[in-house]
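Trainee: below are the sequence and a predicted model; questions follow.
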Amino acid sequence: MMRRTRWIPAPLAFLALLALPRVTAAQDVTQEKATKIAADASYIATNGNTEVTTISGGDKLEHKHGSWILTQEARAVFGDVDGVETAAKYGAGLRGDYLFSKKLSSYGLGTWRRDVHAGVSQEFTEGLGLAWHVLTGPQNEADLEGGAGLLQRKDILHRQDDFTTARTGARYKRSFTDKAYFEGRGAYLFNLEDSKDGQANGNLALVAPIAGKFAIKLAYDVYFRNKPLPGFKQTDTSFSAGIQFAN
């Protein structure tokens, strides 16, 4: 089994303190942009008795046109200890949402993932479903989702596994100001051909502005697979702290 980088999440509370002075009783009234772009990056390097390099970064592009919302996301994490690769996680996704009403929408999505240290050479998912927007206020947003789809996975032993899936998902966002917020997202995929091979992914993010379009971002990602390859753990997590740019 290959060596892994262990991530130790720092308390998210300290970043919330940075956002508190900026919290106001009422939200700023601003016209919502049709296109939003955000990108973040972090880099850590140590030398001496141990040489460690950790790089992570990601982007999110969202465009609204009428009742349509199109979203593109990507993320990468690379870790190296004394010249030995210990983390190499890459992922990207495309999603389209169509709003029937303020409370209900449909979605179609496609994702790609690669994480050889979790036994996954490459994985594609496609899905369709419905989303119920439970909360739609300016400070609190909450969604519940359900749908079905397909998954194609090739492991590091070059074995191919394709099957149909059922998907459940949830999202919650709490906005302190226009640029300071907390967001949590998660989804679970049920393997409809093998009930013991479900998998889940989740993300927690806390963002606080520091100057202009730049902000500090703390993120905690978790991936769980109920039936991993022999010798691999069920759960992988990563914690990152870096700078985010948003237009």
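Mentor: Great, that's in hand.
Trainee: C-alpha from now on. contacts and neighbour counts both.
Mentor: Will do.
Trainee: quickly list what the nearest residue to Asp115 once chain neighbours are set aside is bridged to.
Mentor: The shortest distance from Asp115 to any non-neighbouring residue, by CA to CA, 6 or more residues apart in numbering, is to Lys89 (4.6 Å). On the basis of DSSP bridges, Lys89 is bridged to Val77, Asp115.
Trainee: and if you look at Ile37?
Mentor: Per DSSP bridges, the residues bridged to Ile37 are Leu61.
Trainee: quick check, it in contact with Leu61.
Mentor: Yes. Between Ile37 and Leu61 there is a contact at 4.6 Å, judged by CA atoms under 8 Å.
Trainee: quick check: Pro230 vs Asp155, distance?
Mentor: 12 Å (CA to CA, to the nearest Å).
Trainee: looking at those two, which has the bigger crowd around it?
Mentor: Shown here are Pro230 and Asp155; by other CA atoms under 10 Å, Asp155 has more neighbours (19 against 8).
Trainee: the more buried one contacts Ala118, doesn't it?
Mentor: No. Counting by CA under 8 Å, Asp155 does not reach Ala118; the two are 9.0 Å apart.
Trainee: what sits against His63?
Mentor: By CA atoms under 8 Å, 6 or more residues apart in numbering, the contact list for His63 reads Ala34, Thr35, Lys36, Ile69, Leu70, Thr71.
Trainee: quickly find the element holding the residue most central in space within the chain.
Mentor: Central residue of the chain (CA atoms, centre = their mean): Asn203, 4.9 Å from the mean position. When elements are assigned from DSSP states H and E, Asn203 belongs to strand 199-211.
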